[in-house]
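*Asks:* I'd like to go over a predicted model; first the sequence, then the structure.
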Amino acid sequence: MRVLSILFCIALAFILTFSSWEVVADTRTATFYTPPYVPSGCNGYQNDGVMIAAASDAFWDGGSACGRNYKVEFGGATNQGDPNPCRGQDYMVVKIVDYCPSGCQGTIDLSQEAFAAIANPDAGKIEILLPLL
């Protein structure tokens, strides 16, 4: 029994070590879209609130991104000459409820309210850190 406990602990440590790599965030870009937010590509006419987003081809994965939650952290302005559009909130969590079609200008298309929570909407596009929760 002790051997099984040790093997279980080793296996758990191994899983946690490699799963922690997924928490490392890549620098991506975010844009925003405006209401109405329904129907959505994931949930049809279900109202999912306003802390939502549409996934681009970068992680849509045939719709498997539906329902995933992402912690979106402000990363900076996309243009060097632009003033810092940061709103002061470090991050917010959004749920993927839609698909941002080909030609999407950002890695993730946030609802207008989600974008405004971390950045001035006048910026239009910002850099973000996007780890999956």
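*Replies:* Received it, and whenever you're ready, just let me know what you need.
*Asks:* quick one: end-to-end length of stretch 93-110, please.
*Replies:* With C-alpha to C-alpha, to the nearest Å applied, stretch 93-110 spans 10 Å between its terminal residues.
*Asks:* contacts for it?
*Replies:* Outside stretch 93-110, the residues that touch it by C-beta atoms under 8 Å, 6 or more residues apart in numbering are 28-33, 37, 40-43, 48-49, 51-60, 63, 65-72, 111, 114, 125, 128, 130, 133. Quick note: C-beta positions are derived from backbone N, CA and C, even for glycine.
*Asks:* distance between it and the chain's centre?
*Replies:* 8 Å (C-alpha atoms, centre = their mean, to the nearest Å).
*Asks:* identify each buried residue in it, please.
*Replies:* 94-100, 104, 106-110 (16 or more other C-beta atoms under 10 Å).
*Asks:* element containing the spatially closest residue to residue 43 that is not a sequence neighbour, please.
*Replies:* What sits nearest to residue 43 in space, not counting adjacent residues and going by C-beta to C-beta, 6 or more residues apart in numbering, is residue 97, at 5.7 Å. Element membership for residue 97 (DSSP states H and E) is strand 91-99.
*Asks:* off-centre distance for that strand?
*Replies:* Averaging C-alpha positions (C-alpha atoms, centre = their mean) puts strand 91-99 5 Å from its chain's average.
*Asks:* who does the following helix or strand past it pair up with?
*Replies:* Beyond strand 91-99 on the C-terminal side, the first helix or strand identified by DSSP H and E is strand 108-111. According to DSSP bridges, strand 108-111 forms sheet pairs with strand 27-33 (parallel), strand 52-55 (antiparallel).
*Asks:* I'd like to know how far the residue nearest to residue 43 sits from residue 47.
*Replies:* 10 Å (C-beta to C-beta, to the nearest Å).
*Asks:* likewise residue 39?
*Replies:* Separation of residue 39 from residue 47 (C-beta to C-beta): 10 Å.
*Asks:* also residue 71?
*Replies:* 22 Å.
*Asks:* by mean pLDDT, point me to the weakest helix or strand of the chain.
*Replies:* Of all regular secondary-structure elements in the chain, judged by mean pLDDT, DSSP states H and E, the least confident is helix 2-19 with a mean of 47.
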